[in-house]
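Novice: sequence? don't have it. structure:
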């Protein structure tokens, strides 16, 4: 949309870097919009490229940008809000898991099995409250060679 005639509506004539900064996009994105014809533009005698933007539009969007936004179903602000909620959820999960880890580490000494009592020779001793197993009756041959 080359504009050689003077503009009647209130718009600002901006250089490509100025327009890119105002729109929050790169200079190549502004040049691509010029190439596609989605933004009004012209060139001066020296070949510098100028674009025209309405100063009341702080977030200037072309029809193509709006259709892309509606086709995805969410605007940039909505996506940012979703991401913020996800980050907050993940923070809470990390805190919850840290709490679980701390409580388990504090209980670790309780969970370790107490060593079984041993006598001086290193053999296991039976607890006092446990009834002793009845002695097995050994054969006469065993008693003859090894004693009662």
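Specialist: Good, I have the coordinates. What you see is a predicted model, and the numbers here were worked out from it, not measured in a lab. Residues are numbered from 1 along each chain as shown.

Novice: where along this structure do the helices fall?
Specialist: For the chain, the helices defined by DSSP state H cover 16-23, 27-36, 63-72, 76-111, 140-146.

Novice: phi, psi for residue 25 please.
Specialist: phi -130, psi 180 (degrees, to the nearest 10).

Novice: that one - how many residues pack around it?
Specialist: 15 (other CB atoms under 10 Å). All C-beta atoms are positioned from the backbone trio N, CA, C, and that covers glycine.

Novice: one more: residue 19?
Specialist: 26.

Novice: correct me, but it touches residue 51?
Specialist: Yes: between residue 19 and residue 51 there is a contact at 4.6 Å, judged by CB atoms under 8 Å.

Novice: quick check: which ranges of this structure have low pLDDT?
Specialist: Flagging of the chain using pLDDT under 70 yields the residue ranges 1-10, 55-74, 111, 113-135, 148.

Novice: and residue 101, how far from residue 27?
Specialist: 50 Å (CB to CB, to the nearest Å).

Novice: tell me which of these two has more neighbours.
Specialist: More neighbours surround residue 27 than the other of residue 101 and residue 27, with 15 against 10 (other CB under 10 Å).

Novice: can you name the residues that contact that one?
Specialist: 16-17, 20 (CB atoms under 8 Å, 6 or more residues apart in numbering).

Novice: and which of these is nearest residue 88?
Specialist: Nearest to residue 88 out of the contacts of residue 27 is residue 20 (CB to CB; 32.8 Å).

Novice: thought the closest one was touching residue 26?
Specialist: Yes: counting by CB under 8 Å, residue 20 touches residue 26, with 5.9 Å between them.
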